[in-house]
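Participant: sequence and predicted structure, then a few things I'm wondering about:
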Amino acid sequence: MSVPAEKKEKISVPFDYNKYLRPGKLPHIWCPGCGHGIVLKAMLRAIDKLGIDKDNVCVVSGIGCSSRTPGYVDFNTLHTLHGRALSFATGIKLARPDMKVIVVTGDGDALAIGGNHFIHTCRRNIDITALVFTNAIYGMTGGQYSPTTPLESIATTSRYGNIEPPFDTCEMAKAAGATFVARGTAYHTLELEKTIYEALMHKGTSVVDIIDACPTYFGRMNKYKSATHMMEAMEKDGTVSVKQVDKLPPEKVAGKMLRGVLHKIDRPEYCEQYALLVQEKAQAKSK
Amino acid sequence: MAEKQKKRLMQGNEACVEGALYAGCKFYAGYPITPSTEIAEGMSVRLPKIGGKFIQMEDEIGGIAAAIGGSLAGLKSLTATSGPGFSLKQECLGYACLAEIPLVIVNVMRGGPSTGYPTGPSQADIMQAKWGTHGDHPAIAVTPAYVQEILTETVRAFNLAEKYRTPVIVLYDEIVGHMREPITIPAPGELAVVDREKVTCKPDEYFPYDERFEIPPLAPFGTGYRFHVTGLNHKKDGFPTNDSKQIGEGNMRIMRKIDNHLDEIWKNEEIGLEDAEIAVVAIGSTARSARYAVNEARSMGIKAGLLRPLTLWPFPDKAVTELSKRVKAIIVPEMNLGQMVLEVQRCSKKAEVLGVHRVDGEPINPGQIIEAIKSFK
Ligand SMILES: Cc1ncc(C[n+]2csc(CCOP(=O)(O)OP(=O)(O)O)c2C)c(N)n1
Ligand code: SF4
C-alpha cells in the first residue's frame, strides 16, 4: 500500500501523548537516557496517523526493558514470555484479522530466544508489524551481549570483547520473507515515526529495526561519555539514509548501517490466504 | 426426539478432535509429534470448514503461545502434543495459569525420557502434568481410558478451562490415543458445553483480575475492554506489582479457585469397590487391564475392585483416603517407575500400597496386576 502524499509530509509534533498513555502507569521503568521512550513516542505518533480505534489495536511484547512498552499504552496489551511475542501475536491476528497487531521486542527477545519465531513469522507474511528495539545488549538482565552486539564490544559476558559476529536484522527479515523491512533510529525520531507509519500501513509482515541506545550497560561498558554521545556516535554517525547513500563517497558509507525503507514487496498475506482457502477450498469441499 | 446417533469406528485421537469441536473449539495451533499428530491433522481439515482457525507453528512453544493468543482473542483454543513437545510447552503453560487464560492442552503420552520411544505408550508424564512448569500453580488434568471417553473428557476439559479460566490438560497414553473403538458422537445438547462468561460491565469498571470475583470473567481482546495481560505477578488491573501482599493474594487466588471446587472437578469411576478388600487405582489403558484383572480376581474368589480417576489433577485425595480406610491393600499399576503411587501413598491412611511399574514400551497386562492382587490374598 502506498502512503498518501499529504500524510507523508505531516509531522505530528507537538503531540498529545496522553491520548494513548494509560493514566497512572508512569513513570516508566527505563533509565535516564534510554532510547526506548523515544521509540515509544514515535510509535504512538505513527499509530495516531492511522486514525483507527484504540479498541482495534493490540500491542504484544516479549520480555526485556523494551518489552515493557505495552504496559504504558492504552490498547489491548499483552506482555508475554521472553522470545514468544510473535507467536502470541500470530494467534491473536489469526483469530482477529481485523485487529491491528503490533509487536514490540528487543534484539535479544526477537533474534536470540525468539529467532525461530521471527523467521517463521516473516516467512508466513502474516500482517503483523514487529518493532525491534536494537540496543545491542540485554538491558533487562544487566548487560550481557546480544545477537546484535558488534564484534569486540564489551558486555558483562564478553569482558574481553565479543567474538560473535552480529546479525543484520534487516537482511535476516528480508531473507526470511518479510515484505516490508526498514531501519530507523531513536536519534532520527521524525523519520522513525514515518517509517513506523509506513510499516503499519503495509499489508504483511513488516519489520522495523530500530537502533536505540542502552547508556546504562552498553554505554558505560563501551566507554561512551553520555547517552547523547552514544546517540550521535551509533545512531547519527553510525547510519546513513538509503536516500543519500548513492550520493555519498564510499568512505562516508563504509561500516555504516542503512536507514529507511530497505525492502518492500507485495506478496499474499497469511490471514487473507487463510480466508481464501476457507472460501474456495474447505467450504466448497464440504458441500 | 433426537435421532439415534450411529456408531462410528474411530481412533482415540480422532475422538479428541470430535470432542474439541463439540465443545466449540475454534482455534488450533501446534506442531506435529507422534503419537498425537492425528489431532493436528484432524483439526486442520475440520476447523476451516466451520470458520475456525488452524495453524501449524514452527515448534511446540509457538503452538501453545499462538493458542493462548487465540484464546485471548475470544476463541476456545486447543493445542496437542506428546513427550518432548509437552516439555517445550511448559513455560507457556505456566503463563496461562498465572494470566488465567482458558486453554486445552492434549498430551498423548509416549515413552521417554527424551525422544525415548515415540510409538510406544507410557504414563510417565503424570508428575510433569502437575509440576512441569516452574512455580506453584493450579493443575487440572483429565485422564480418559476409552475412545468414547476421549471425546467426552475433551468436552469436559474445555468446560473446566472456560469455567475456571485456566489451562486444562487432557492426558492419555499412546494406546488409547491410537486404539480404534466404535463410538457415538453425542447429539448437540446431549453434553453440557460451558461458554466463557460474558463481561457486561462498563469498560472503565472492568478489571481482568478483579479479586471481588472468585473467577473474574475474561473479556476477549478487541471488544472494547482495553486491558493489560502479563506473566508477571499482577494487580487486579493486570499490571505488574512488587507488593508482597498482592503477589501473595494473586498466587493464592489462582489455587483457591480450583481448591474450592474439588467436588465439581473430581470424577472417578468405581468398579466393585463396595465390598473390595484389595483395590486397584489406575488410569488410561492401564485401567483397562486393571478392570480385566479385577474381574478375573473376583472369579477366583478375591474381593477386588477398581478406582479409576478421570480427573487425575487435582488428585482425588478424598476418594483414595476413604478407600484406604476400607481395603487391605491398594495396587497402583502405571507405565512409569512410580509416580501416581506416590500420591496414593500420601493419601492412604491404613492400607498397604504397592506399585506395579513398567517402562519397556509394553502395556501393563492384566496378568501382572492379578499377580499383585494375589500377593495380598
Ligand atoms: C526463558 C527466559 N530466559 C531468560 C530470561 C531473562 N531475560 C529477561 S530479559 C532478557 C534479555 C532482554 O534483552 P532484549 O530482548 O534485547 O531487551 P532489552 O532489555 O535490551 O530492551 C533476558 C535474557 C527470561 N525472562 N526468560
Ligand atoms: S538497562 Fe538499558 S535498555 Fe534497560 S532501561 Fe536502562 S538504558 Fe534502557
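Facilitator: That came through fine. Ligands and ions are numbered 1, 2, ... in the order given.
Participant: what is the neighbour count of the residue of the stretch 51-200 of chain A found nearest ligand 2?
Facilitator: Using CB to the nearest ligand atom, residue A:139 is the residue of the stretch 51-200 of chain A that sits closest to ligand 2, at 2.7 Å. Any C-beta I mention is one placed from the backbone N, CA and C, and that applies to glycine too. Neighbourhood size, residue A:139 [other CB atoms under 10 Å in any protein chain shown]: 25.
Participant: before we move on, what about residue A:189?
Facilitator: Residue A:189, neighbours per other CB under 10 Å, totals 17.
Participant: list the contacts of it.
Facilitator: Counting by CB atoms under 8 Å, 6 or more residues apart in numbering or on different chains, residue A:189 touches A:38, A:41-42.
Participant: likewise for residue B:162?
Facilitator: Residues in contact with residue B:162 (CB under 8 Å, 6+ apart) are B:76, B:102, B:194-197.
Participant: could you rerun that using 10 Å?
Facilitator: B:23-24, B:71, B:76, B:102-104, B:168, B:193-197, B:215, B:218 (CB atoms under 10 Å, 6 or more residues apart in numbering or on different chains).
Participant: buried ones among these?
Facilitator: Buried members of these, scored by 16 or more other CB atoms under 10 Å in any protein chain shown, are B:23-24, B:71, B:76, B:102-104, B:168, B:194, B:196, B:215, B:218.
Participant: what about chain A: which of the residues you listed touch it?
Facilitator: The subset of the buried ones among the contacts of residue B:162 within reach of chain A, counting by CB under 10 Å from any CB of the partner chain, consists of residue B:71.
Participant: need the residues of chain A near ligand 1, please.
Facilitator: A:63-66, A:82, A:106-109, A:133, A:135, A:137-141, A:146, A:214 (CB under 6 Å from any ligand atom).
Participant: could you redo the last one with a cut-off of 5 Å?
Facilitator: With the criterion set to CB under 5 Å from any ligand atom, chain A comes near ligand 1 through A:63-66, A:82, A:106-109, A:135, A:138-141.
Participant: show me where the stretch 151-300 of chain B has helices.
Facilitator: For the stretch 151-300 of chain B, the helices defined by DSSP state H, counting those that start in this stretch cover B:174-178, B:244-259, B:262-265, B:284-299.
Participant: among those helices, which is nearest residue A:52?
Facilitator: With CB to CB as the criterion, residue A:52 lies closest to helix B:244-259 of the helices of the stretch 151-300 of chain B, at 33.0 Å.
Participant: now for the closest one, which elements pack on it?
Facilitator: When contacts are defined as 3 or more CB pairs under 10 Å, 6 or more residues apart in numbering or on different chains; DSSP states H and E, helix B:244-259 sits against helix B:90-99, helix B:147-164, helix B:262-265.
Participant: so can I have a markdown table of the buried ones among the contacts of residue B:162 showing pLDDT and distance to residue B:87?
Facilitator: Formatted as a markdown table, the buried ones among the contacts of residue B:162 follow (pLDDT from 0 to 100; distance: CB to CB, whole Å):
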| residue | pLDDT | distance to residue B:87 |
| --- | --- | --- |
| B:23 | 98 | 26 |
| B:24 | 98 | 29 |
| B:71 | 98 | 21 |
| B:76 | 98 | 25 |
| B:102 | 98 | 22 |
| B:103 | 98 | 17 |
| B:104 | 99 | 18 |
| B:168 | 99 | 18 |
| B:194 | 98 | 30 |
| B:196 | 96 | 29 |
| B:215 | 96 | 29 |
| B:218 | 98 | 27 |
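Participant: residue contacts, the residue lying closest to residue B:11 once chain neighbours are set aside?
Facilitator: The shortest distance from residue B:11 to any residue other than its chain neighbours is 5.1 Å, reached at residue B:180 (CB to CB, 6 or more residues apart in numbering or on different chains). When contacts are counted by CB under 10 Å, 6+ apart, residue B:180 touches B:9-12, B:14-15, B:147.
Participant: filter the residues you listed to the buried ones?
Facilitator: Restricting the contacts of residue B:180 to buried positions leaves B:10-12, B:14-15, B:147, with burial counted as 16+ other CB under 10 Å.
Participant: before we move on, back to that, pretty sure the residue of the stretch 51-200 of chain A closest to ligand 2 contacts residue A:156?
Facilitator: No: between residue A:139 and residue A:156 there is no contact, the gap being 11.4 Å when judged by CB atoms under 10 Å.
Participant: shared neighbours of the two, anything?
Facilitator: Overlap between the contact sets of residue A:139 and residue A:156, as judged by CB under 10 Å, 6+ apart, is given by residue A:217.
Participant: show me where the stretch 1-150 of chain A has strands.
Facilitator: In the stretch 1-150 of chain A, the segments counted as strands under DSSP state E, counting those that start in this stretch are A:57-61, A:76-79, A:100-106, A:128-134.
Participant: please flag which of the contacts of residue B:162 sit within strands.
Facilitator: In strands, judged by DSSP state E, the following of the contacts of residue B:162 are found: B:103-104, B:168.
Participant: which of those sits closest to chain A?
Facilitator: residue B:103 (10.5 Å; CB to the nearest CB).
Participant: please tell me how far residue A:107 sits from residue A:204.
Facilitator: Look at residue A:107 and residue A:204: by CB to CB, to the nearest Å, they are 22 Å apart.
Participant: how about residue A:131, what does it touch?
Facilitator: By CB under 10 Å, 6+ apart, residue A:131 lies in contact with A:39-40, A:42-43, A:46, A:59, A:61, A:66, A:69, A:102-105, A:110, A:184, A:192, A:195-196, A:199-200, A:206-210.
Participant: at 6 Å instead, please
Facilitator: By CB atoms under 6 Å, 6 or more residues apart in numbering or on different chains, residue A:131 lies in contact with A:104, A:208.
Participant: near ligand 2, which residues of chain A?
Facilitator: With CB under 5 Å from any ligand atom as the criterion, chain A meets ligand 2 at residues A:30-31, A:34, A:65, A:139, A:214, A:216.
Participant: chain B: which of those is nearest?
Facilitator: Minimum distance to chain B across these is 13.3 Å, recorded for residue A:65 (CB to the nearest CB).
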